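Enquirer: The following block contains a protein sequence and its predicted model.
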Amino acid sequence: MNIYLLQNIITGKRYVGMTVHEVKKRFLQHCRIARKNPKTLLHKAINKYGFRCWEVTVLESGFASVHEMAEAEIAYIHILKPELNMATGGLGGDTSDSPNFTKYIQSRDIAGPNHPMFGKKHAQASKSAISAAKTGVSLSPQHKLKAVFALRANPPSSDCIKRRSQNKSKTYKITEPTGEVLIVKNLTKFCKERNLNQGNMNNVALGRYKSSKGYKVEALD
């Protein structure tokens, strides 16, 4: 039993789902439905961009029961606010004829004891998956203000500043998800303009990751 995340590498839009089968098998089921009868936001997006433009990630697995898995799905949808989900998750059945409940998901109050994860803890793997999924999401003004105060309290080290300076002076060859190749002088600026995680892009350039959101990076000097 798995909670999974589907993310379009072109638009960045996401979908959270659950399945008692292997996640790849469930994704193929989505693809078949998309070809035959695309009613949901997810299936329409699969039809529009094709099945090769999706990253499939297991967020959490190993649940003791279907109901426990359903509660976890509700929690993930509430935390990540995926753009392609049309319902709040759980054992709600087919949503193909439902309106888009994304605004409701974002505004509903399930804090404290009402939250399905109240009193529970996510595994480290789940925390990492949630963090990765939220990469590139725009922050609210209040969140940005908190980040500014945190930075003032803990300024970056001289070594960190030096590495940032080096990143700006290096030349990179970047292959976009569409296949277009770009030569970039300033990786920091490039990542900022495209809302990409620079740390992940650096790891791609160092060979630690194969790609980040479909982007491939190669340091030229």
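Expert: That came through fine. Residues are numbered from 1 along each chain as shown.
Enquirer: Compute the distance between the closest residue to Leu5 other than its chain neighbours and Tyr172, please.
Expert: Sequence neighbours aside, Thr57 is the residue nearest to Leu5 in space, at 4.5 Å (criterion: Cβ to Cβ, 6 or more residues apart in numbering). Heads up, the C-betas are built off the backbone N, CA and C, glycines and all. For Thr57, the distance to Tyr172 (Cβ to Cβ, to the nearest Å) stands at 25 Å.
Enquirer: Would you mark the buried spots in the helix or strand harbouring the residue nearest to Leu5?
Expert: Assigned by DSSP states H and E, Thr57 belongs to strand 54-61. By neighbour count on 16 or more other Cβ atoms under 10 Å, the buried set for strand 54-61 is Trp54, Glu55, Val58, Leu59, Glu60, Ser61.
Enquirer: other SSEs contacting it?
Expert: Packed against strand 54-61 by the contact rule (3 or more Cβ pairs under 8 Å, 6 or more residues apart in numbering; DSSP states H and E) you find strand 2-8, helix 23-36, helix 66-80, helix 124-133.
Enquirer: Under the pLDDT cut-off, which ranges of this protein? List them.
Expert: Along the chain, segments meeting pLDDT under 70 span 91-118, 120-157, 160-169, 221.
Enquirer: got the domain boundaries for it?
Expert: Under automatic domain parsing, the residue ranges defining each domain of the chain are 2-133, 159-219.
Enquirer: can you give me the strands for the chain?
Expert: 2-8, 14-19, 54-61, 172-175, 181-184, 216-219 (DSSP state E).
Enquirer: Dump the fourth one to CSV, keeping only the CA atoms.
Expert: C-alpha atoms of strand 172-175 as CSV (Å, rounded to 0.1, in the frame of the first residue of the first chain):
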residue,chain,number,x,y,z
TYR,A,172,27.0,25.5,-17.3
LYS,A,173,25.4,23.5,-20.1
ILE,A,174,21.7,22.9,-19.2
THR,A,175,19.4,20.6,-21.1
